[in-house]
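Peer 1: Pasted the sequence and its predicted model underneath.
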Amino acid sequence: MILIVDFGSQTAHLIGRRLRQIGSQTTYSTPEDAIKDIKKHKPNGIIFSGGPSSVYDTDAPTISKDIFKLGIPILGICYGWQLMAHLLGAKIKNTSKEYGPEDITLNAAAKTSQIFKNFPKKTFSVIVSHGDTVMTLPKGFTSLGETKTATYSAVENVKDNLYAIQFHPEAYHTSYGLDILRNFAKICNETLDPLSLDPKRIIQQIKETVGDQKVICAVSGGVDSTVAAFLIAKAIGKNLIPVYVESGLMRQGTKDYVKKIFGQLVRVNPVIIDAQKRFIKELKGITDSEQKRKTIGRLYVEIFQEVAKEHKDAKFLGQGTIYSDVIESKGSKHASHIKSHHNVGGLPKDMHLLLLEPLRDFYKDEVREIGREAGLPEDVIMQQPFPGPGYAVRIIGEVTPERLEKEKQADMIVVEEIKRAGLYEKLFQCFSIMTGAYSTAVKGDARVFAEVIAIRAYESVDIMTSQWADIPYTVLQKISARIVNEVPDISRVVYDITTKPPATMEWE
Ligand code: XMP
């Protein structure tokens, strides 16, 4: 196993992702708990992630120097390298902020370095993101390569098993990033054994864990909970009780599609709770987005508890938790706050249900692959993500039945036209927003003052960042024309061309 010490980098989760891709086991720790966790997990290697701080900041995260005496190979990345250098007596300087691709050129010493073993090129492009630079080499270190702005961009101290790079090997656009991590894993003598995506293995594990007990499982129609419940159903059949709460806030047709998947494909009829009126009633008058999220989360939990009471014989709670949720909810003291994304994540402990999370070890694309192998239809597994609070966070201001209906119609048009243009699977998400802004339009012969709808469509690899999509004008034109003609009382349609950061993907 390789232990990643998270110093608050937005891409720390990608380090684990990349290591798992090459077949290494990983675990995360915080700078404060690292020594304790190393004793517990006995990792073969340690990675210091990047982070937003400068080593000279008063509250900069740091780590005990004892870690260098353990003899375990350490790879420092960006801030991880700056901190390593600082703790070992080197000088760090605050330089201008560099972000984006840079060329690194390896020197003669890199030819014999295990980190750059079998590298096909001397100069290659890497992603950098730093405001500080290491100015002097700590004792015992050798420089292996430099970029225009950082003399010590790749270094090693073989005797003490320390390696470091000023760039991000985990970033998708760093060339040979995976090779660097693989070489480091080899230095650590880590056994590389890629995770199996065979659904039969997961189904067998569920059978062994659950035996002839019952499992109750909240399904939302989204990819993760559908794949999880589907595998559980394949393992235990009618002992699964899938529960779908129809809040009225989910994508159109979700209820029927949940019924179809479970009823037809695995012959387990889901329990459908029609709670639309209850949700609309509780949302009345609420305009603040966090209050909406809290109200919806609370209602889901209450309703789910009511259903669970009727199924007292259930011993397990099945959930579609995936690996990125595990990392996000563990959180990092030093990374910025990440929203809670689970509608029934906050179930009270006194429900006495054991958690069953068959997808806990897998990333989204792996979950899709498992679902595909297990026989779920392509349109189910390739669905775009949809927020737990649903359309409520895409209606700025109060969620009234009328505005909800308009949002659903407009969103359906967006998705239909994007699919028709063959763009749906290329986008991370695309949707409409009831903006709460009003403008004038002339409909028939009358001037009306009606709501403005915005369209958001973007690409993203890591969720942390996104780029608005360059949708052809003809497609935007079609979407706009259909919305103003088919959805009542909409005055105009605008296209959101803002990247994340600074704008988040959702408007609320
Ligand atoms: P933001 O708006 O933070 O969204 O850039 C990032 C991703 O998270 C989804 N999202 C949510 N999902 N509950 C969820 O289950 C939420 O409250 C929530 N808010 C945002 C969003 O759709 C995007 O995929």
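Peer 2: That came through, no problem.

Peer 1: When you work out contacts or count neighbours from here on, use the C-alpha atoms and nothing else.
Peer 2: OK.

Peer 1: what element comes up after the lowest-mean-pLDDT helix or strand in the chain heading to the C-terminus?
Peer 2: Sorting the helices and strands of the chain by mean pLDDT, DSSP states H and E puts helix 323-330 at the bottom, at a mean of 67. Counting by DSSP states H and E, the next helix or strand C-terminal to helix 323-330 is strand 354-356.

Peer 1: Give me the sheet partners of that following strand and which way each runs.
Peer 2: Paired with strand 354-356 in the same sheet, following DSSP bridges, are strand 314-318 (parallel).

Peer 1: Mind exporting the C-alpha coordinates of the strand it pairs with to PDB?
Peer 2: The C-alpha coordinates for strand 314-318 follow below in PDB (Å, rounded to 0.1, in the frame of the first residue of the first chain):
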ATOM      1  CA  ALA A 314     -34.000  -5.800   7.000                       C
ATOM      2  CA  LYS A 315     -30.500  -6.200   8.400                       C
ATOM      3  CA  PHE A 316     -28.600  -4.200   5.800                       C
ATOM      4  CA  LEU A 317     -28.800  -0.800   4.200                       C
ATOM      5  CA  GLY A 318     -27.500  -0.900   0.600                       C
END
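
Peer 1: could you pull out the strands for the stretch 151-300 of the chain?
Peer 2: Listed in chain order, the strands of the stretch 151-300 of the chain (DSSP state E, counting those that start in this stretch) span 154-157, 162-165, 214-218, 240-246, 271-274.

Peer 1: How far off centre is the longest one?
Peer 2: Going by CA atoms, centre = their mean, to the nearest Å, the spacing between the C-alpha centre of strand 240-246 and its chain's C-alpha centre is 24 Å.

Peer 1: That one vs strand 214-218, what angle?
Peer 2: Angle of strand 240-246 versus strand 214-218, following axes from the mean of the first three to the mean of the last three CA atoms, to 10 degrees, is 20 degrees.

Peer 1: Would you mind listing what in this protein touches the ligand?
Peer 2: With CA under 6 Å from any ligand atom as the criterion, the chain meets the ligand at residues 341-342, 385-389, 463, 504-506.

Peer 1: picking that back up, of the strands of the stretch 151-300 of the chain, which is nearest residue 404?
Peer 2: Of all the strands of the stretch 151-300 of the chain, strand 240-246 sits nearest to residue 404, with 14.1 Å by CA to CA.

Peer 1: I'd like the average pLDDT over the closest one.
Peer 2: Averaging pLDDT along strand 240-246 yields 96.

Peer 1: Columns mean neighbour count and distance to residue 177 on top of the strands of the stretch 151-300 of the chain, output as TSV?
Peer 2: Converted to TSV, the strands of the stretch 151-300 of the chain look like this (neighbours: other CA atoms under 10 Å; distance: least, CA to CA, whole Å):
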stretch	mean neighbour count	distance to residue 177
strand 154-157	24	13
strand 162-165	24	11
strand 214-218	25	39
strand 240-246	23	42
strand 271-274	15	47
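
Peer 1: Which one of those strands lies nearest to residue 190?
Peer 2: Minimum separation from residue 190 across the strands of the stretch 151-300 of the chain (CA to CA) falls at strand 162-165, 15.9 Å.

Peer 1: List the strands paired with that closest one, with their directions.
Peer 2: Strand 162-165 has the following strand partners under DSSP bridges: strand 74-77 (parallel), strand 154-157 (antiparallel).

Peer 1: For those, give me TSV that also has distance to residue 349 and mean pLDDT.
Peer 2: Converted to TSV, those look like this (distance: least, CA to CA, whole Å; pLDDT from 0 to 100):
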stretch	distance to residue 349	mean pLDDT
strand 74-77	39	98
strand 154-157	48	98
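
Peer 1: Let me know which of those strands is the nearest to residue 317.
Peer 2: Short answer: strand 74-77, nearest of the strands paired with strand 162-165 by CA to CA, at 38.8 Å.

Peer 1: Run through who's touching that closest one.
Peer 2: If you take CA atoms under 8 Å, 6 or more residues apart in numbering as the criterion, strand 74-77 is touched by 45-50, 81-82, 84, 161-168, 184.

Peer 1: from memory residue 236 sits against residue 207, does it?
Peer 2: Yes. If you go by CA atoms under 8 Å, residue 236 and residue 207 touch, sitting 6.5 Å apart.

Peer 1: Tell me which of the two has more neighbours.
Peer 2: Set side by side, residue 236 and residue 207 show more neighbours around residue 236, with 19 against 16, by other CA atoms under 10 Å.

Peer 1: Residue 442 contacts residue 484, correct?
Peer 2: No. Counting by CA under 8 Å, residue 442 stays clear of residue 484, with 11.0 Å between them.

Peer 1: Quick check on these two: which one has the bigger neighbour count.
Peer 2: Between residue 442 and residue 484, counted using other CA under 10 Å, the more crowded position is residue 484 (19 against 10).

Peer 1: For the more buried one, which residues are in contact?
Peer 2: Going by CA under 8 Å, 6+ apart, residue 484 touches 490-493.
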